[in-house]
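A.B. asks: Please work out how this folds:
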Amino acid sequence: MLFGKHLNRFYLKYWYLFLAVILFDALVDVAQLLIPQILGKMITGIDNDIKSGNTTMPYLSNNFSKILIAIAVIAVVIVAGRMGWRFFSAQIGANIERDLRKEMYAHIQTLSLTYYKDKKVGGLLSFFTNDLQTIKQVYTDGLIFMTDVMVLGILAFTLMLQISWQITLCCAAPMLLFIVFGSLVGNGESKRYIKSSDSFEDLSDYTEENLQGFSVIKSFLKEQSRIKGFQVRSEDNRGKTVKYLRFSTWIDTGINLFLTAFVTIMVILASYSLVTADPTWGNNITSVGVLITFTGYYDSLIWPMIAGGMLIDLISRGRGSYKRIAEILDAKADVIDSSIVLNHDHIKGDFSFRNLYFTYPDGATPALKNVSIDIKAGMTVGIIGRTGCGKSTFVSLLPKLYNLPKGMLFIDGDDINSWKKSDLREHIGLVSQDAFLFSGKIKDSIAFSEKNPGQVDLNQVKLAAGFASIDDDIEAFPDKYDTEVGEKGATLSGGQRQRISIARAIYKKPDVLILDDSLSAVDADTEKKILANIHSYRSNLTTFIIAHRISAIENSDLILVLDDGKLIASGNHDSLLITCPLYQTLVKLQELEKEVQ
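C.D. replies: Residues are numbered from 1 along each chain as shown. Next up, the predicted model:
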């Protein structure tokens, strides 16, 4: 079986199911061993009748009905027992798979954005499918294999010893070599399985990425090159899987040859002992019936030995899968609340940046450098600059998506490290660049922040849609707010996705609104309507607007100009036209674009 800090608790949690499986399987094992005894006694009785010359066969005529009843009872016990252990083992597997899946999913929700930079969606999905299935199989099939080895194997071996310990030990000595061999090859098998699983993860990543970007692939006529890439990864997965299966097959073949050889040796020795009455191989094999019983016990011992080999294979794969799953469950969230945090039921909206430096966890150079600025509650703040200058990084610090040293960012007078990340994210409405929408109805997408999803406030949904100037578009759809948006909002245009994302942020009635280049796909008239709604929404709503178009921020109370991670200028539109060369350049470039258009 498998053991580890993420698995050990299941033995206590589901002890009654484990016990039920073991008891039912042990009952089946004991019942199986009664059959060789019954057959042996019957053969002995018939043999004695024949030797005595009694043609009426008194043993068979007197005991035939008893033998049939005994075999029928044993058959019923075996069938009932197998139904029992199958039922309870399925319960164990399903429960552990469910619990692990829930724990894994809940844990990855706590991990920061840094973790997802190193992991791809397709790879993560393979953890939730292939690896969990392997763990489940260990706790279903593996438990049965182990019980058969421990109960059926030991009982059959003990009964064989009572008949002929000499022959039994002669056949059992090499079994010790088999156990040692199995433990040695198990590690190699586990390594090959991990390589096969990692290769499948890479294949899943590639497949998922191509399915997500199929429109780009078609527009660039890259179908054939992507097919070749898939074939390369598929072939790599095939090769590593075949290596694992080849190794596993050699082990299985060796086990079967081993068993066949020693069955032959045992039958020869037992038959020799019966025919010659040679005490060298024991004195208890005195009749054909005893030989049948002894052979039956050894036949019962074959399955535990096969099960032992299968258990080695299964546990080897299980260790590989558990190691991969443990990588997720052992991953630490790097954005956590400090031990001393304050409770905040709202955000007033005052922000103070004091000589702020920020470097991404996997970065080598600072993304933001020596940023100092005070922002008052209720301000509309525009942020502009060249691509890659740090605009999105600047606003991503506000909802505490990354760690910051103490003393660099204050919110309402308190250091950001004294704020709970849940309090900040509860009261900040963030509209990101990609405008990601979950599949479902439009009303559910807008009401995504609803704490009771089944109780969507449709009036509030419509108000939020009106704020984002998407209400007319929605009303034009046949199903209106019940329209299905498709995966990632595939049925909507880019501008519609952006506006629904804005409505989603407004629905939660935030104290702070962040629009991270969220107006780039809307036309100029719609942009004006949304900006007007922002100014009239609430006087105390602090708003950050990242934009490339000057028109989106020119009426802001404060405009921040970033360049290479530095805040090089701040002020309103008119003052920056006089004092900031970069801002002047950006304005002139956009004026030229308008003239060209």
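A.B. asks: Please tell me the pLDDT value assigned to the residue lying closest to residue 421 once chain neighbours are set aside.
C.D. replies: Of all residues not flanking residue 421 in the chain, residue 400 sits nearest, at 4.3 Å (Cβ to Cβ, 6 or more residues apart in numbering). All C-beta spots, glycine's among them, are computed from the backbone N, C-alpha and C. At residue 400, the pLDDT value in this model is 89.
A.B. asks: right, and residue 400 touches residue 416 too?
C.D. replies: Yes - judged on Cβ atoms under 8 Å, residue 400 makes contact with residue 416 at a distance of 6.3 Å.
A.B. asks: the more surrounded of these two?
C.D. replies: residue 400 (24 against 20; other Cβ atoms under 10 Å).
A.B. asks: Check for me that the more buried one belongs to a strand.
C.D. replies: No - under DSSP: H, G, I helix; E, B strand; the rest coil, residue 400 falls outside any strand and is assigned coil.
A.B. asks: Who are the contact partners of it?
C.D. replies: Contacts for residue 400 were tallied using Cβ atoms under 8 Å, 6 or more residues apart in numbering; they are 335, 416, 419, 421, 424, 425.
A.B. asks: Which parts of this protein are strands?
C.D. replies: For the chain, the strands defined by DSSP state E cover 351-358, 368-375, 380-385, 409-411, 414-415, 428-431, 512-516, 542-546, 558-563, 566-571.
A.B. asks: now the angle from the first one to strand 380-385?
C.D. replies: When you say that, I think you mean strand 351-358. Here the directions of strand 351-358 and strand 380-385 differ by 20 degrees (axes from the mean of the first three to the mean of the last three Cα atoms, to 10 degrees).
A.B. asks: thinking again about what came up before, go through the strands of the chain and name the closest to residue 498.
C.D. replies: When the strands of the chain are compared by Cβ to Cβ, strand 428-431 sits nearest residue 498, at 7.6 Å.
A.B. asks: The closest one packs against which elements?
C.D. replies: Applying 3 or more Cβ pairs under 8 Å, 6 or more residues apart in numbering; DSSP states H and E, one finds that strand 428-431 contacts helix 494-507, strand 512-516.
A.B. asks: related to what we said a few turns ago, can I get the strands of the chain in a markdown table including mean neighbour count, distance to residue 47 and mean pLDDT?
C.D. replies: As requested, the strands of the chain are exported to a markdown table (neighbours: other Cβ atoms under 10 Å; distance: least, Cβ to Cβ, whole Å; pLDDT from 0 to 100):
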| stretch | mean neighbour count | distance to residue 47 | mean pLDDT |
| --- | --- | --- | --- |
| strand 351-358 | 18 | 91 | 93 |
| strand 368-375 | 17 | 95 | 92 |
| strand 380-385 | 24 | 99 | 91 |
| strand 409-411 | 21 | 94 | 93 |
| strand 414-415 | 16 | 94 | 91 |
| strand 428-431 | 22 | 88 | 89 |
| strand 512-516 | 24 | 91 | 90 |
| strand 542-546 | 25 | 96 | 91 |
| strand 558-563 | 22 | 100 | 92 |
| strand 566-571 | 18 | 102 | 92 |
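A.B. asks: Tell me which of those lies nearest to residue 66.
C.D. replies: For the strands of the chain, proximity to residue 66 was assessed by Cβ to Cβ; strand 428-431 is nearest, at 80.3 Å.
A.B. asks: The closest one - which strands sit beside it in the sheet, and in what orientation?
C.D. replies: Here strand 428-431 is paired, per DSSP bridges, with strand 512-516 (parallel).
A.B. asks: Would you mind writing the CA trace of the strand it pairs with as CSV?
C.D. replies: The C-alpha coordinates for strand 512-516 follow below in CSV (Å, rounded to 0.1, in the frame of the first residue of the first chain):
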residue,chain,number,x,y,z
VAL,A,512,-11.6,50.7,-5.8
LEU,A,513,-11.9,50.0,-9.6
ILE,A,514,-9.0,49.0,-11.7
LEU,A,515,-9.3,48.9,-15.5
ASP,A,516,-6.1,47.3,-16.9
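A.B. asks: Run the chain-centre distance for that strand.
C.D. replies: Here strand 512-516 is found 32 Å from its chain centre; the criterion is Cα atoms, centre = their mean, to the nearest Å.
A.B. asks: Kindly report the same for stretch 151-164.
C.D. replies: A distance of 44 Å separates the centroid of the chain from that of stretch 151-164, by Cα atoms, centre = their mean.
A.B. asks: List the neighbours of that stretch that are in contact with it.
C.D. replies: Applying Cβ under 8 Å, 6+ apart, the contact partners of stretch 151-164 are 25-26, 29-30, 32-33, 167-169, 172, 270, 273, 281-282, 284-285, 290, 293-294, 297-298, 300-301, 303-305, 308.
A.B. asks: likewise stretch 201-209?
C.D. replies: 120-123, 125-127, 229-230, 233-234, 236-237.
A.B. asks: how about those, which pair is most distant?
C.D. replies: Maximum distance among those (Cβ to Cβ): 22.6 Å, for 127 and 229.
A.B. asks: These two: which is more packed in?
C.D. replies: Per other Cβ under 10 Å, whichever of residue 127 and residue 229 has more neighbours is residue 127, with 23 against 13.
A.B. asks: quick one on the thing from earlier: name the nearest of the contacts of stretch 201-209 relative to residue 468.
C.D. replies: Nearest to residue 468 out of the contacts of stretch 201-209 is residue 121 (Cβ to Cβ; 28.0 Å).
A.B. asks: For burial, what's the neighbour tally of the spatially closest residue to residue 496 that is not a sequence neighbour?
C.D. replies: Excluding the flanking residues, the one nearest residue 496 by Cβ to Cβ, 6+ apart is residue 473, at 5.8 Å. Residues lying near residue 473 (other Cβ under 10 Å) number 19.
A.B. asks: Need the strands of the chain in JSON lines (columns: distance to residue 325).
C.D. replies: Below are those laid out as JSON lines (distance: least, Cβ to Cβ, whole Å):
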{"stretch": "strand 351-358", "distance to residue 325": "33"}
{"stretch": "strand 368-375", "distance to residue 325": "36"}
{"stretch": "strand 380-385", "distance to residue 325": "41"}
{"stretch": "strand 409-411", "distance to residue 325": "36"}
{"stretch": "strand 414-415", "distance to residue 325": "37"}
{"stretch": "strand 428-431", "distance to residue 325": "31"}
{"stretch": "strand 512-516", "distance to residue 325": "34"}
{"stretch": "strand 542-546", "distance to residue 325": "39"}
{"stretch": "strand 558-563", "distance to residue 325": "42"}
{"stretch": "strand 566-571", "distance to residue 325": "44"}
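A.B. asks: Would you tell me which of those gets closest to residue 95?
C.D. replies: Nearest to residue 95, of the strands of the chain and by Cβ to Cβ, is strand 428-431 at 37.6 Å.
A.B. asks: how distant is the closest one from the center of its chain?
C.D. replies: Chain-centre distance of strand 428-431: 28 Å, with Cα atoms, centre = their mean.
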